[in-house]
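*Asks:* please work out how this folds:
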Amino acid sequence: MNKMIRKMVALGLALTMAVPAGAVFAGETEAAGDAELSLAYQYGLGYAAVTIAQQEGLIEKAYKEATGADLTITWNQMSSGADINTAIASGDIDAGFMGVGPAISGISKQLGYKIFTNLCGQEQGMMTADESIQSFDDLIGSDHQIALVNIGSIQHIMLAMALDAQGYDAHALDSNIVAMKHPDGMAALLSGTVAAHLTSSPYIFQEQADETLHAVGDIDKTYSKNTTFLLGIASETIYEENPALYNALVQGISEGTDMINENVEEAAAITSEFDGNSVEDEIEFLKKGSYSVDTHGVTEIAKFMFENQFIDADPGAFEDLVFENVQGD
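*Replies:* Below is the predicted model of the structure:
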């Protein structure tokens with residue numbers, strides 16, 4: 001088989017895959033064979049579509065249907081988007097799922113990836129048990145520690161946006177931040193190790209149910225569940241050199257998202273096993289989120305990050321942040 005025919009066969013195999021509208025194939029490859037993929041994800045119900053794709057083997061099934069070949073995925077649970085950026089920069093992973101803030105940072109640093117899908121928007125909040133803390137005024141200039149995922153995380157960006165919206169310097173509480181993954185931050189809040197915890201689903205719902213805690217900072221008024229919170233990024237190498245693998249990744253997450261929106265009971269039965277919630281609570285928590293493959297507000301967040309020195313380089317237009325199959329703003 002000559003080279004031109006091989007390329008036509010490879011492209012034909014990729015095009016047989018059912019993928020979300022707008023998906024594109026950026027490169028021509030040899031006929032796809034068995035493949036390996038290393039993915040990273042984090043903690044929280046915002047990653048529900050990822051959990052479903054992992055447990056149901058949706059990405060592997062999509063690749064098998066498109067190519068007839070097998071896909072082996074290595075799943076890596078990490079504590080922050082910063083960790084994922086380090087891993088993808090070093091070549092240890094091929095794609096990952098993280099908050100929109102670290103994703104924008106990685107793209108601006110030219111780490112070799114773009115956004116391939118949205119995951120969700122989620123309710124957010126900052127909780128405290130300290131009755132003396134009622135507003136940002138009671139935190140700024142104090143030694144009170146605020147637990148959130150990491151400096152530069154999407155929770156840090158949320159805090160900065162809320163500060164800015166209320167007339168404070170966006171970095172006024174940077175020195176109060178202590179980095180903790182969500183479950184550790186909640187444990188630290190409940191034990192009194194930290195004064196406040198900024199978190200998302202399902203942890204925010206668990207904290208809101210605790211009568212000893214109250215909200216501070218009005219985070220949810222600045223950053224609503226209709227704004228992109230988490231998303232997926234993939235290396236440009238996969239996009240350009242292995243279209244069948246790229247589109248299997250897109251399709252698997254899309255199918256996981258569809259399950260949440262079309263059969264929340266089935267979705268909850270899968271995801272509740274991994275976060276300790278009852279199926280009944282999980283159903284309610286999932287219903288409170290917004291799950292979609294389309295982004296919302298990414299360009300605005302990128303602009304805020306540039307204007308407030310979270311990133312050094314202008315991230316450019318929406319098209320500079322995403323692959324061509326991604327819809328939204």
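*Asks:* point out where the chain drops to low pLDDT.
*Replies:* Scanning the chain for pLDDT under 70 picks out 1-31.
*Asks:* now do the strands in this protein.
*Replies:* 35-41, 71-77, 95-99, 113-121, 124-128, 146-148, 177-179, 196-200, 214-215, 230-235, 290-291 (DSSP state E).
*Asks:* what about P183, how many residues nearby?
*Replies:* Residues near P183, counting by other Cβ atoms under 10 Å, number 14. For glycine as for every other residue, the C-beta is placed from the backbone atoms N, C-alpha and C.
*Asks:* nope, E324 is what I was after
*Replies:* Neighbours of E324 (other Cβ under 10 Å): 14.
*Asks:* can you check S175 too?
*Replies:* 12.
*Asks:* for I146, see how far away it is.
*Replies:* 10 Å (Cβ to Cβ, to the nearest Å).
*Asks:* one more: E282?
*Replies:* For E282, the distance to I146 - Cβ to Cβ - is 27 Å.
*Asks:* surely H171 touches M305?
*Replies:* No: using Cβ atoms under 8 Å, H171 is not in contact with M305, being 11.9 Å away.
*Asks:* more neighbours, those two?
*Replies:* Using other Cβ under 10 Å, the more surrounded residue of H171 and M305 is M305, with 22 against 15.
*Asks:* pull stretch 157-171 out as CSV, backbone CA atoms only.
*Replies:* C-alpha atoms of stretch 157-171 as CSV (Å, rounded to 0.1, in the frame of the first residue of the first chain):
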residue,chain,number,x,y,z
ILE,A,157,-9.0,33.3,40.5
MET,A,158,-12.6,33.1,42.0
LEU,A,159,-11.3,34.8,45.2
ALA,A,160,-9.5,37.5,43.2
MET,A,161,-12.6,38.1,41.1
ALA,A,162,-14.8,38.5,44.1
LEU,A,163,-12.3,40.8,45.8
ASP,A,164,-12.1,42.9,42.6
ALA,A,165,-15.9,43.0,42.2
GLN,A,166,-16.2,44.4,45.8
GLY,A,167,-13.6,47.1,45.3
TYR,A,168,-10.6,45.4,46.8
ASP,A,169,-7.2,44.7,45.2
ALA,A,170,-7.5,41.3,43.5
HIS,A,171,-4.4,40.1,45.3
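*Asks:* number of nearby residues for the residue nearest to N277 when sequence neighbours are not counted?
*Replies:* Nearest residue to N277, sequence neighbours excluded (Cβ to Cβ, 6 or more residues apart in numbering): P202, at 5.9 Å. By other Cβ under 10 Å, the residues close to P202 number 28.
*Asks:* check contacts around P202.
*Replies:* Counting by Cβ atoms under 8 Å, 6 or more residues apart in numbering, P202 makes contact with 44-45, 275, 277, 281-282, 285.
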